[in-house]
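# With the sequence up front, the predicted model follows.
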Amino acid sequence: MITIRKAEDRGHARHGWLDSRHTFSFADYHDPDHMGFRTLRVINEDRVHPGEGFGTHPHRDMEILSYVLEGALEHKDSMGTSSVIRPGEVQRMSAGTGVLHSEYNPSRSEPVHFLQIWIQPDRKNLKPGYEQKAFPAAERTNRLRLVASRDGRDGSLTIHQDADVYTTLLSKEGRIAHDLKGGRFAWVQVASGAVSLNGQTLKAGDGAAVSGEKTLDLSAPGDAEVLMFDLA
């Protein structure tokens, strides 16, 4: 079964410098029918104006992934980490027992467009941690590239949950398939472009909850960028 979450049905918050779309309930947006999917708790699509950002704020007991689509995102945290994340790079911050961090658009002229993803960890009170890795376009074009996993295999980021996170860049006529093992679920999020998922059309901002399917077939009529979450 595939249940589509349309882009236009997401929660929406606008704070002048920030335009944010919430796939699941977040902050002042509450929808009891969309509290997350399996251990996937948050997918926020954020656009931040030049020179603006999120001031220092706390997190705990959450695996947080940042995935930049356009522009650059500057990150600083109480672990002493300072970095800039750009397209093709993925950041993982394990909030664990507690961490303070800020996110800022360092550009004076260009907005930053990114996805922030929260995955519930398999246990609480973990030691906070941070990773950031680059995944070249050649490794993601018309193939699924594992970018985060419990065991950090294939050079992926390590997250504290039984979840595999993949990304792909589909070109025109590009097609990929992913087999789901028994008892596994998936969430597919379209970051840009449009795709066909097992014959159903998804456009930018759309997501899809998948259960009871053996194989996911993805194809695109043009360029598209997609994230796929294989979940317990």
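Looks like it arrived, so ask away.

# Kindly provide the distance from the nearest residue to T23 once chain neighbours are set aside to Q189.
Once flanking residues are discounted, T23 sits nearest to I43: 4.0 Å by C-beta to C-beta, 6 or more residues apart in numbering. The way it works is simple: take the backbone N, C-alpha and C, and place the C-beta from them, glycine included. Going from I43 to Q189 by C-beta to C-beta, to the nearest Å gives 6 Å.

# For this protein, give me the ranges with low pLDDT.
For the chain, not a single residue meets the criterion pLDDT under 70.

# Show me how it divides into domains.
Domains of the chain are assigned by automatic domain parsing as 11-134, 137-231.

# And those domains: which comes nearest I4?
In terms of C-beta to C-beta, the element of the domains of the chain nearest to I4 is domain 137-231, at 5.1 Å.

# Quick check: end-to-end length of that closest one?
Start-to-end span of domain 137-231 (C-alpha to C-alpha, to the nearest Å) is 24 Å.

# can you check stretch 201-219 too?
With C-alpha to C-alpha, one end of stretch 201-219 sits 10 Å from the other.

# May I see the buried residues of it?
202, 204-210, 213, 216, 218-219 (16 or more other C-beta atoms under 10 Å).

# picking up where we left off before, what do I43 and Q189 both touch?
Residues touching both I43 and Q189 (C-beta atoms under 8 Å, 6 or more residues apart in numbering) are 23, 115, 207.

# Present these as CSV; the columns should include distance to V68.
Listed next are those as CSV, based on distance: C-beta to C-beta, whole Å:
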residue, distance to V68
T23, 17
L115, 8
G207, 19
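
# Quick check: strands, which of these are part of them?
Assigned to strands by DSSP state E, the following of those qualify: 115, 207.

# Which strand residues bridge L227?
T167, Q189 (DSSP bridges).

# cool, and H75?
Bridge pairing for H75 (DSSP bridges) gives the partners S83, E103.

# picking up where we left off before, can you pull the contacts of the residue nearest to T23?
So I43 contacts 22-24, 115-117, 189, 207 (C-beta under 8 Å, 6+ apart).

# Please point out which parts of stretch 108-120 sit buried.
Residues of stretch 108-120 classed as buried: 111-120 (neighbour count, 16+ other C-beta under 10 Å).

# Determine which two of those are furthest apart.
Using C-beta to C-beta, the buried residues of stretch 108-120 span at most 29.7 Å, a distance reached by P111 and Q120.

# Was I right to think L180 contacts K214?
Yes: using C-beta atoms under 8 Å, L180 is in contact with K214, at 6.2 Å.

# Go through the domains of the chain and name the closest to R5.
domain 137-231 (4.3 Å).

# from the chain's centre, how far out does the closest one sit?
Distance, stretch centre to chain centre, for domain 137-231: 11 Å (C-alpha atoms, centre = their mean, to the nearest Å).

# Alright, I will stop here.
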